[in-house]
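Student: Here is a sequence together with a model predicted from it:
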Amino acid sequence: MRMQDFAVSYHAAAENVGLFRQVLEGCKLTASETLLLFTDTQFYPLYPAAFMAAAQDIGAEVIQMTVPSTLPDISSSYILAAWQEADLVIGMSQVPWLYSRTHDEARQSGTRALMVQEPISVLRRLSPDEDVRRRGRAGVPLLTAGKQMRITSANGTDFVVNKEGREAYTLYSLADEPGKWDHWPQGLVTFFADQGQGDGAIVVDPGTVYLKFRRHSTEPVKLHIREGSIVKFEGGAEARLLEDWFAQWNDPRSYELAHVGWGTEHRADWNVIGMDSEAYYGNFLVAFGRNIFWPVGGDNDVASHWDFCCLNHNIYVDDQIIVDNGAIIPENLK
Ligand SMILES: [Fe+2]
């Protein structure tokens with residue numbers, strides 16, 4: 001989170017109540033349910049305040065849990081119990097929780113979880129949208145049924161990953177089913193590859209978003225991938241920066257393929273780095289590293305997770321073209 005993006009006036013909470021109530025209703029929060037607002041000491045305080053007002057408006061029970069921002073993880077049994085008892089958790093914290101056992105176990109008990117941590121301007125522009133939801137839900141059966149995903153590009157990407165037995169997942173900014181995790185804002189159809197799956201090359205074009213560097217790339221980098229792991233970064237200075245980033249974890253699992261898919265958010269802005277980049281309509285989103293994520297993830301619990309957000313790629317599921325140079329082709333996925 002970049003705190004400078006946030007207002008400092010406490011009055012700013014009030015004007016978020018209406019929008020936040022719409023999102024809670026989209027997550028099907030009812031008067032008979034319990035909402036847990038999970039946050040930390042360094043998190044912008046106005047979001048929990050607005051969610052608390054919105055939940056009270058709905059008539060739900062609402063409780064806020066604030067943990068130290070220095071907490072390394074959410075493995076505490078107290079946190080797990082609270083998450084499991086809640087019907088819906090709004091996660092507003094930089095303490096890592098997404099790819100965690102606690103998060104998985106809570107959702108296995110039926111808890112819904114929504115991540116909210118973007119600046120208000122982004123939340124407003126990318127509020128939950130029925131077309132994004134429809135595209136995502138249509139993409140899941142198609143991708144789940146596929147045996148292979150192939151990604152190509154005019155600039156040299158040719159990457160194939162076997163996906164037999166792997167279920168697809170979609171994100172559309174609403175945790176609206178028991179056990180669902182989502183992220184507001186997000187728009188994505190994806191799957192997590194089996195360990196060892198994925199071979200070929202991905203050419204990262206200039207203009208690709210490097211989320212962790214919070215900037216766009218300026219030169220091509222070729223990722224060589226063998227049996228599901230990056231084995232070489234080919235290129236200039238930026239290849240070297242990527243090499244350094246991946247090496248810092250001292251763990252070969254940081255190079256392993258995590259999730260692969262395409263973006264579905266037609267309102268995303270390529271010049272705004274963040275969830276706009278991951279959700280961008282027709283992009284190719286590929287990630288490496290940590291992938292613990294019930295029910296569709298894997299067992300890789302390395303601390304690192306890197307997403308490449310790439311434009312101008314072609315994506316095929318078996319023989320069907322899904323994305324043609326950034327344009328989604330099947331009518332029901334558009
Ligand atoms: Fe990711």
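Tutor: Happy to help now that I have it. Only a predicted model underlies this, so the values are computations on that prediction, with no experimental measurement involved. Numbers count the residues shown, from 1 in each chain.
Student: Could I get the full set of helices for the stretch 101-250 of the chain?
Tutor: 101-108, 120-125, 130-145, 237-247 (DSSP state H, counting those that start in this stretch).
Student: ok, and the closest non-adjacent residue to Phe288?
Tutor: Spatial nearest neighbour of Phe288, chain neighbours left out: Trp306 (5.2 Å); criterion: Cβ to Cβ, 6 or more residues apart in numbering. C-betas here are computed from N, CA, C, even on glycine.
Student: sorry, back to before: could the helices of the stretch 101-250 of the chain be laid out in CSV, adding distance to the ion and mean neighbour count?
Tutor: Formatted as CSV, these follow (distance: least, Cβ to the ion, whole Å; neighbours: other Cβ atoms under 10 Å):
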stretch, distance to the ion, mean neighbour count
helix 101-108, 14, 19
helix 120-125, 17, 16
helix 130-145, 16, 18
helix 237-247, 15, 15
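Student: Turn the ones you listed into a markdown table, including mean pLDDT.
Tutor: Below are those laid out as a markdown table (pLDDT from 0 to 100):
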| stretch | mean pLDDT |
| --- | --- |
| helix 101-108 | 97 |
| helix 120-125 | 95 |
| helix 130-145 | 98 |
| helix 237-247 | 98 |
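Student: List the buried residues of stretch 310-317.
Tutor: Cys310, Leu311, Asn312, His313, Asn314, Ile315, Tyr316, Val317 (16 or more other Cβ atoms under 10 Å).
Student: name the element the residue in the stretch 201-334 of the chain that the ion sits nearest to belongs to?
Tutor: Proximity of the stretch 201-334 of the chain to the ion (Cβ to the ion) peaks at Ala287, 3.7 Å away. Secondary structure assignment for Ala287, by DSSP states H and E: strand 284-289.
Student: what packs against the following helix or strand past that strand?
Tutor: Next helix or strand after strand 284-289 toward the C-terminus (DSSP H and E): strand 305-310. Contact partners of strand 305-310 among helices and strands, from 3 or more Cβ pairs under 8 Å, 6 or more residues apart in numbering; DSSP states H and E: strand 199-204, strand 209-210, helix 275-279, strand 284-289.
Student: run the last query once more with 10 Å
Tutor: strand 199-204, strand 209-210, helix 237-247, strand 257-263, helix 275-279, strand 284-289 (3 or more Cβ pairs under 10 Å, 6 or more residues apart in numbering; DSSP states H and E).
Student: and those, which one is worst for confidence?
Tutor: Among the helices and strands packed on strand 305-310, strand 209-210 has the lowest mean pLDDT, at a mean of 94.
Student: Check the offset of that one from the chain's centre.
Tutor: A distance of 14 Å separates the centroid of the chain from that of strand 209-210, by Cα atoms, centre = their mean, to the nearest Å.
Student: can you list contacts of it?
Tutor: For strand 209-210, the external contacting residues (Cβ atoms under 10 Å, 6 or more residues apart in numbering) are 204, 215-218, 221, 238, 241-242, 245, 270-274, 276-278, 280, 283, 285, 306-311.
Student: Check those residues for burial and list the buried ones.
Tutor: Among the contacts of strand 209-210, those buried by neighbour count (16+ other Cβ under 10 Å) are 204, 216-217, 221, 238, 241-242, 245, 272-274, 276-278, 280, 283, 285, 306-311.
Student: hang on, the earlier thing: to Ile321, which of the helices of the stretch 101-250 of the chain lies closest?
Tutor: helix 130-145 (11.8 Å; Cβ to Cβ).
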